[in-house]
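> Dropping a prediction and its sequence here:
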Amino acid sequence: MAKDPRGNIFERKEKKYVIDDVTRSILMARIADKMVEDEYGVSKITSIYCDTADRYLINRSIEKPVYKEKLRVRFYGELKGDSRVFIEIKKKFKGVVYKRRLAVSAKAADLFLSGMDYVQVCNAHPLPNAKHAEESLSWQSLQIAREIKAFMDHYEKRYGPLVPSILVECERLAYKPASSDVQSDLRITFDKSIVCTDLLGSDGTRLPFAQSVALLEREESVMEIKAIGSYPMWLAKALSDERIYPQSFSKCGRGYERIYARQKAASAAPATQKIQTRQSASNASNDLAYATLFAKHARKEAANA
């Protein structure tokens, strides 16, 4: 199984490559008859990763275990109350990625992740598109909602509630098969301008102002190739000829490591220069609007620095 018709369940291999713009142009020119840009063009993607106050999930992920999992909220473009957002459980076992997700309105997602009943919040804050609203209450979506609830309960009982922890923004250009002759499950994406924003302080409290880090140089992008099985020969040959090799690259993990390094350096500074935090983690609800405003403030801080 690779992907269900509604696009809510995925099972595939995902490999990442950090490449520069020149290499990217050469590669895509070589496979231009096989892959074409999808209908969305360049799109802005925002992902909010939820974690415990002591960052249990991200620290485990950085250790590169055989099995790892994460919970995130993802949306495309600018966020509004009735925007369609995706609540996703993403698991990785022995190199294979399994993803199950819900598509609901931003308000419904906010309330569901704060502990309210899934059906109730979907009925109270439905998606404006009737078909999407109906799909959010399908039997499949209800099953995934139960799994997400069980995921949150599991970690809350052992490590504390899951709250917005890391926010990642990027610009994505995606490619799809040019014709039916190309294996249909193949996808290639390029993520540029990746910025990671910390939503919690090192002691688990919400930060009063943003701390953001850029993860790539201006001319770099993260290429991700997604497929069920082996790459087609034409793609494998192009990668080999151009000496493009896969490497581990977790946006959330790498961003957290850089933020943590900066926090560690700051902790050595005089107390008057240390970041003062507000609000306990118990008050840091899964507020999507807060997280996106937080990120905008981060960009403003960076521009004025």
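Arrived safely, thanks for sending.
> contacts, neighbours, all on C-alpha from now
Fine.
> So which residue is dead centre in the chain?
Computing the C-alpha centroid of the chain and ranking residues by C-alpha atoms, centre = their mean puts S47 first, at 4.0 Å.
> any idea how far P164 is from that residue?
10 Å (C-alpha to C-alpha, to the nearest Å).
> likewise Y49?
The spacing between Y49 and P164, counted by C-alpha to C-alpha, is 6 Å.
> In terms of neighbours, single out the busier of the two.
P164 (26 against 23; other C-alpha atoms under 10 Å).
> List the beta-bridge partners for E224.
E224 has the following beta-bridge partners by DSSP bridges: K16, T189.
> residues in contact with it?
E224 sits next to 14-17, 188-190 when contact means C-alpha atoms under 8 Å, 6 or more residues apart in numbering.
> before we move on, back to that, return the residues in contact with the residue nearest to the centre of the chain.
Applying C-alpha under 8 Å, 6+ apart to S47 gives the contacts 72-75, 167-169.
> and what of C50?
For C50, the contacting residues are 70-72, 162-166, by C-alpha under 8 Å, 6+ apart.
> List just the nearest of the residues you listed to E242.
K70 (33.1 Å; C-alpha to C-alpha).
> K92 is in contact with the closest one, correct?
No. Applying C-alpha atoms under 8 Å as the test, K70 and K92 come out as separate, 9.1 Å apart.
> What strands flank the longest strand seen in the chain, and is each parallel or antiparallel?
Scanning the chain for the strand with the most residues, using DSSP state E, yields strand 35-51. Here strand 35-51 is paired, per DSSP bridges, with strand 67-76 (antiparallel), strand 163-177 (antiparallel).
> Output the ones you listed as TSV; include the columns mean pLDDT and distance to I148.
Shown next, in TSV, are those (pLDDT from 0 to 100; distance: least, C-alpha to C-alpha, whole Å):
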stretch	mean pLDDT	distance to I148
strand 67-76	93	8
strand 163-177	94	14
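> closest one to H125 among these?
Taking C-alpha to C-alpha, strand 67-76 is the member of those nearest to H125, at 16.6 Å.
> Would you mark the buried spots in that closest one?
Within strand 67-76, the residues that count as buried by 16 or more other C-alpha atoms under 10 Å are 68-76.
> can you check stretch 42-56 too?
In stretch 42-56, counting by 16+ other C-alpha under 10 Å, buried: 44-55.
> Now T52. Its backbone dihedrals?
phi -80, psi 170 (degrees, to the nearest 10).
> residue contacts, it?
Shown in contact with T52 (C-alpha under 8 Å, 6+ apart): 155-156, 159-163, 165.
> of those residues, buried ones?
Buried members of the contacts of T52, scored by 16+ other C-alpha under 10 Å, are 155, 159-163, 165.
> For T197, see how far away S47 is.
10 Å.
> overlap in contacts of the two?
Counting by C-alpha under 8 Å, 6+ apart, the common neighbours of S47 and T197 are 167-168.
> Show me where this protein has its strands.
Counting by DSSP E, the chain has strands at residues 9-20, 35-51, 67-76, 84-93, 96-105, 163-177, 187-200, 206-214, 220-227.
> okay, the second one in PDB with CA atoms only?
Which is strand 35-51. The C-alpha coordinates for strand 35-51 follow below in PDB (Å, rounded to 0.1, in the frame of the first residue of the first chain):
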ATOM      1  CA  MET A  35       9.200  14.800 -14.600                       C
ATOM      2  CA  VAL A  36       7.300  18.100 -14.800                       C
ATOM      3  CA  GLU A  37       6.300  20.800 -12.200                       C
ATOM      4  CA  ASP A  38       3.000  20.100 -10.500                       C
ATOM      5  CA  GLU A  39       0.000  22.400 -10.800                       C
ATOM      6  CA  TYR A  40       0.800  24.300  -7.600                       C
ATOM      7  CA  GLY A  41       4.100  25.800  -8.600                       C
ATOM      8  CA  VAL A  42       6.100  27.300  -5.700                       C
ATOM      9  CA  SER A  43       4.100  26.900  -2.500                       C
ATOM     10  CA  LYS A  44       4.800  28.000   1.000                       C
ATOM     11  CA  ILE A  45       4.600  25.200   3.600                       C
ATOM     12  CA  THR A  46       4.400  25.700   7.300                       C
ATOM     13  CA  SER A  47       4.700  22.800   9.700                       C
ATOM     14  CA  ILE A  48       4.300  23.000  13.500                       C
ATOM     15  CA  TYR A  49       5.800  20.000  15.400                       C
ATOM     16  CA  CYS A  50       4.400  19.100  18.700                       C
ATOM     17  CA  ASP A  51       6.500  17.800  21.500                       C
END
